[in-house]
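[1] Coordinates for the following, if possible.
(chains A, B and C)
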Amino acid sequence: MGRGNFMALALMLLGVAGMPFLTSGSYALTVGIFAGINALVAIGLCILMGSAGQVSLGQAGFYGIGAYVSSVLSIKFGLPVALSMIAAMAVASFAAVLLAVPALRLKGHYLAVATLGFGEIINVLLNEWGPGGPSGFGDIPHLTLFGYTLSSTTANFYFIWICVAAVIIFSLNILNSRTGRSLRAIHGSETASIAMGLDIVALKMKVFILSAVYASFAGALYAHYVTFISPSSFNLFYSVLALMMVVLGGITNVWGGVAGAIIITILPELLRKFEEFDVLVYGLILTLSLLFLRKGIVPLLIEKAVRLKGGSGARA
Amino acid sequence: MLELNGISKEFGGVRALSNVSFTVKAGSVSALIGPNGAGKSTLLNAISGIDPPDQGEVVFAGERVNGLSPMTIARRGLSRTFQHLELFGDMTVLENVIVGRNARTKAGFLASGLRLPFALREERESRKTSEEILDYIKLSHHRDDLASNLPIGEQRVLEIGRALATEPKLLLLDEPAAGLNMRETRDLGELIKRIRTEKGITIILVEHDMDLVMSISDAITVLNFGEVIARGTPLEIQKNPLVIAAYLGDEEA
Amino acid sequence: MFTVFLQFLFSGLTVGAVYALVGMGFNIIYNSTSIINMAQGEFVVIGGLLMWFFTESVKLPFFLAAGLTILSAGLVGLLMERLTIRPLKSADLLLMIMVTIAVSILMRGVLMFKFGKDPYTYAPFTEGEPFTVAGAVIQQQTLWVIGVTACCIVMLYIFFNKTMMGKAMRACAVDTTAAKLVGINVSRVVMISFVLSAMVGAIGGIAITPISLMEYDKGPMLAVKGFCAAIMGGLGRGRGAVIGGFAIGILESMTAGYLHSGMKDAVALVIMLAILFFRPAGLFGSVAMSRLRKF
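    Residues are numbered from 1 along each chain as shown, chains lettered A, B, ... in the order given. Below is the predicted model of the structure:
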């Protein structure tokens, strides 16, 4: 996994463990939970964009499928939450296949807009067919694992960040393996990848599914934590946010997704003071960071660190 | 090893290849020469499946392969390099070679993500094989450098190394000496000979450097305007009046 | 029965006209830069809200207000190009997509700060009784929207076919490198395409606001529909976007009228996906033509 990644993971877990003791009240922990949920979506998008070079503006669609399918299965069919979450991820994978078959023939802007269209259609469907329509529904059960129900904020905070850590480890393993190299190879040269016998269609499809699974997992965690959902949490704006997270944090590194998710989640909280200014300041920060931090925060920091030490930092 | 029967290819009404037929013996080095625009690269693309022929058949290792995807053909043991280098520039030299191993390994998303024992074993073996290949092509000292940072000569050698990692039966080299100086070209010739004799891999190369072609080839095929105008040993080709005419009509050979 | 159909048709033509204008805006920028400007919808919103500001708040006469609105929108387009697109010149595609999205959020932020979240409207261009055609009621403003759109189309046609600058822009669309070689100032072409595209959007906003109110966050949906119009006609083809815009407008209002109003927004999206997946060159474009363009 590399020393840099190991250190980063240790640091993250230390921060997570200490959070509940360093802050008072549940507000900071709640924000932390949302940051963790967003991080899951962002990591998937990072792998999709940074490694495989594919764009998606439709992650909200998968996120929404995760939340809705899992909630409906657990409420209407009385399925145990853990089981309904797994089913939700399966449904999202299926949706990803349906989208990927035609969409992955497209490139660049066309792929971006096609995925955007997909996300919006899912949103329209949630509005129309989802329980409660545009106003959504509540009474979604909390997740119960081994007889313990995750109802307190602290328990959810720990659980979600443990999930984030597991997903980070899983993703780093993929990226530092045959699979990750294949993805980067496709990004580097499709011609050569084909000549090396890589099945680029299958690989693109699978990485798309992976990002959908992560996003739907995040959606399901979200639904079973807040216990009330409505379609407006899963609209185009969320897809754009997810994209912002990874671009801000840096698409070439999984940690970029995590850092971007934390920043983008906390930013609106900090901007609350500005009241009507918030969207403005938000747009300004995004525009400026795109103009001046093109590679994203994490890759830039690593470059700095490498230059300072003259050694090698965390790769992949 | 490779048999071409009546390969033809058109691009928007222009005949790039017409009725090209010849056979390449297993374990030989064959060169494909001809003036610019004679259809050499088109023929390589037709063989490797990147741009399949309109007519004719490509028989590789006893089986018809035209119509198969380049990926499948590659997995059956045909590998190649590119005239315009197609290295994975953002990856290290070693990683480039390991990607070549992918055709011979299996671990997918789940196996890699969960570090299943077989995936780890496979990874170790890939790494070991790839390092051996780097030794073989004498690039071990650049192991962890980015491929895009190598000088052009070493990039060409690295492409050969990456192709070797797929364990090919047949290796297509598209102008491997382009952009190389004399010493590098000589080393390249040595490497190609070693690959043939030590690894027993059949080689087809497209090349403009006649000294290199004459010194390493067992057989030479000359293409002009998409047609085979001569075929024979280096000595026979050098004496063939048709070949001389084709080249004098074009530029200095 | 027919009356109802006619009523839906006219409301479809009205929104369709705006989609057509947004679609043409997409094409103008796409042709000169190969960028899909995700902030295209915001130009329409700027048009509507600024027009309200100049007429209702500053109380300027109509033509002055309209002129100022269009000029201001052009200025916004200019600033967007100079401050964000140009500095990133030749950066990778992903960054270009992101930056237009970021700018659209920024614009929305400014609009929300200035105008709040309320919907705005102002008096139609001309007062008077609506017309009735076979029992269907047509607002005078509806005719204005369609008329203004038609004027825009004609003026753009003249600009692109008769003026030097317009011809230079078309040359850039075909081949930027070649255009550079024959001495066309590509950087200026890019700038003008943003200004023009912003002004076209703003004109749409000015015309539509008296009918369908305008609020700060209407941009993204307008952009999606306009993009759909553009892609229906084949991205980069001016006339295609016009037909596409009207087609989507009509289909949308028929869906809302005969099927279900909630499905209205899905129509354009489904059409867009179907075209992207099966005929990426657009319904009227040939595949060979689209191959020539850099995809």
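
[2] residues from the stretch 101-250 of chain A in reach of chain C?
    A:102-103, A:105-110, A:112-114, A:116-118, A:120-121, A:124-125, A:127-128, A:236-237, A:240, A:243-244, A:247 (CB under 8 Å from any CB of the partner chain). For every residue, glycine as well, the C-beta is placed using N, CA and C.

[3] let's see it at 10 Å
    Taking CB under 10 Å from any CB of the partner chain, the part of the stretch 101-250 of chain A that reaches chain C is made up of A:101-103, A:105-125, A:127-129, A:133-134, A:235-237, A:239-241, A:243-244, A:246-248.

[4] Type out the ChimeraX command that picks the buried ones from these.
    Per 16 or more other CB atoms under 10 Å in any protein chain shown, the buried members of these correspond to this ChimeraX selection:
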select /A:103,106,108,109,110,111,112,113,114,115,116,117,118,119,120,121,122,123,124,125,127,235,236,239,240,241,243,244,246,247,248
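
[5] Which of the residues of the stretch 101-250 of chain A next to chain C fall within helices?
    Secondary structure from DSSP state H places A:101-103, A:108-125, A:127-129, A:236-237, A:239-241, A:243-244, A:246-248 of these in helices.

[6] The residue in the stretch 151-253 of chain B positioned nearest to chain C: what's it in contact with?
    For the stretch 151-253 of chain B, the residue closest to chain C is residue B:155, as judged by CB to the nearest CB, at 22.9 Å. With contacts defined as CB atoms under 10 Å, 6 or more residues apart in numbering or on different chains, the neighbours of residue B:155 are B:81, B:85, B:87, B:89, B:93, B:96, B:139, B:147-149, B:179.

[7] how much space is there between the residue found closest to residue C:218 once you drop the neighbours it is linked to in the chain and residue C:255?
    Once flanking residues are discounted, residue C:218 sits nearest to residue C:45: 5.3 Å by CB to CB, 6 or more residues apart in numbering or on different chains. Distance check for residue C:45 against residue C:255: by CB to CB, to the nearest Å, it reads 24 Å.

[8] what about the two, which has more around it?
    Between residue C:45 and residue C:255, counted using other CB atoms under 10 Å in any protein chain shown, the more crowded position is residue C:45 (28 against 20).

[9] Measure how far stretch A:52-68 is from the centre of its chain, please.
    8 Å (CA atoms, centre = their mean, to the nearest Å).

[10] how about it, does it get close to chain B?
    No: Stretch A:52-68 stays clear of chain B (CB under 10 Å from any CB), getting no nearer than 10.8 Å.

[11] about what we covered before: just to check, the residue nearest to residue C:218 is in contact with residue C:212?
    No: counting by CB atoms under 10 Å, residue C:45 sits too far from residue C:212 to count as a contact (11.9 Å).

[12] Overlap in contacts, those two.
    Contacts common to residue C:45 and residue C:212, judged by CB under 10 Å, 6+ apart, are residue C:218.

[13] Poorly predicted segments of the stretch 1-150 of chain C, please.
    C:90-91 (pLDDT under 70).

[14] cool, and chain B?
    In chain B (pLDDT under 70), the answer is B:248-253.

[15] Closest residue of it to chain C?
    For chain B, CB to the nearest CB, closest residue to chain C: residue B:12, 10.2 Å.

[16] Tell me how many other residues surround that residue.
    For residue B:12, the count of nearby residues is 5 (other CB under 10 Å).

[17] what about it, distance to residue B:43?
    Counting by CB to CB - residue B:12 and residue B:43 are separated by 18 Å.

[18] which residues of the stretch 51-200 of chain B fall in strands?
    Remark: strands assigned in the stretch 51-200 of chain B by DSSP state E, counting those that start in this stretch are B:55-60, B:63-64, B:78-80, B:170-174.

[19] Also the stretch 51-200 of chain C?
    C:131-133, C:136-138.

[20] Same check on chain A?
    Under the criterion DSSP state E, chain A contains strands at A:144-145, A:148-149.

[21] Against which helices or strands is the first one packed?
    The criterion is 3 or more CB pairs under 10 Å, 6 or more residues apart in numbering or on different chains; DSSP states H and E, and the helices and strands that strand A:144-145 contacts are helix A:81-103.

[22] Buried residues, the helix it packs on. List them.
    Applying 16+ other CB under 10 Å to helix A:81-103 flags A:81-82, A:84-89, A:91-93, A:95-96, A:99-100, A:103 as buried.

[23] and it, is it in reach of chain B?
    No: figure legend: helix A:81-103 not in contact with chain B (CB under 10 Å from any CB); closest approach 11.6 Å.

[24] any idea of the angle that helix forms with helix A:108-129?
    140 degrees (axes from the mean of the first three to the mean of the last three CA atoms, to 10 degrees).

[25] For helix A:81-103, enumerate the helices and strands it packs against.
    Going by 3+ CB pairs under 10 Å, 6+ apart, helix A:81-103 lies up against helix A:59-76, helix A:108-129, strand A:144-145, helix A:200-226, helix C:264-278.

[26] ok and the residue in the stretch 51-200 of chain C nearest chain B?
    residue C:92 (12.9 Å).

[27] show me what contacts that residue?
    A:53, A:108, A:294, C:98.

[28] Would you reformat those residues as CSV and include distance to residue B:71?
    Listed next are the contacts of residue C:92 as CSV, based on distance: CB to CB, whole Å:
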residue, distance to residue B:71
A:53, 18
A:108, 23
A:294, 34
C:98, 32
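
[29] which one in those residues is the model shakiest on?
    Sorting these by confidence puts residue A:108 at the bottom, with a pLDDT of 73.

[30] so residue A:173 makes contact with residue A:2?
    No: using CB under 10 Å as the test, residue A:173 is too far from residue A:2 to be in contact (11.1 Å).

[31] how far away is the closest residue to residue A:238 other than its chain neighbours from residue A:122?
    Leaving out its chain neighbours, the residue that sits closest to residue A:238 by CB to CB, 6+ apart is residue A:60, at 3.9 Å. To residue A:122, residue A:60 is 8 Å away according to CB to CB.

[32] which residues are in contact with both of these two?
    Common contacts of residue A:60 and residue A:122 (CB under 10 Å, 6+ apart): A:231, A:234-235.

[33] Tally up the residues packed near the nearest residue to residue A:101 once chain neighbours are set aside, please.
    Leaving aside its chain neighbours, residue A:101 sits nearest to residue A:205 (7.6 Å; criterion: CB to CB, 6+ apart). By the measure other CB under 10 Å, the count of residues near residue A:205 is 17.

[34] so where is chain A shaky, pLDDT-wise?
    A:1, A:275-276, A:310-316.

[35] circling back to that earlier point, which one (most neighbours) among the contacts of residue C:92?
    Neighbour max across the contacts of residue C:92 (other CB under 10 Å) = residue C:98, 27 neighbours.

[36] gap between that one and chain A?
    Distance, residue C:98 to chain A, by CB to the nearest CB, to the nearest Å: 5 Å.

[37] Spell out which residues of the stretch 51-200 of chain C are next to chain A.
    So the stretch 51-200 of chain C meets chain A at C:80, C:83-84, C:87-88, C:91-114, C:116-117 (CB under 10 Å from any CB).

[38] please redo it, this time with the cut-off set to 6 Å
    Within reach of chain A by CB under 6 Å from any CB of the partner chain, the stretch 51-200 of chain C has these residues: C:87, C:93, C:97-99, C:101-103, C:105-106, C:108-110, C:112-113.

[39] so which of the helices and strands packed on helix A:81-103 is the most packed in?
    Comparing those by mean neighbour count (mean count of other CB atoms under 10 Å in any protein chain shown), helix A:59-76 ranks first with a mean of 27.
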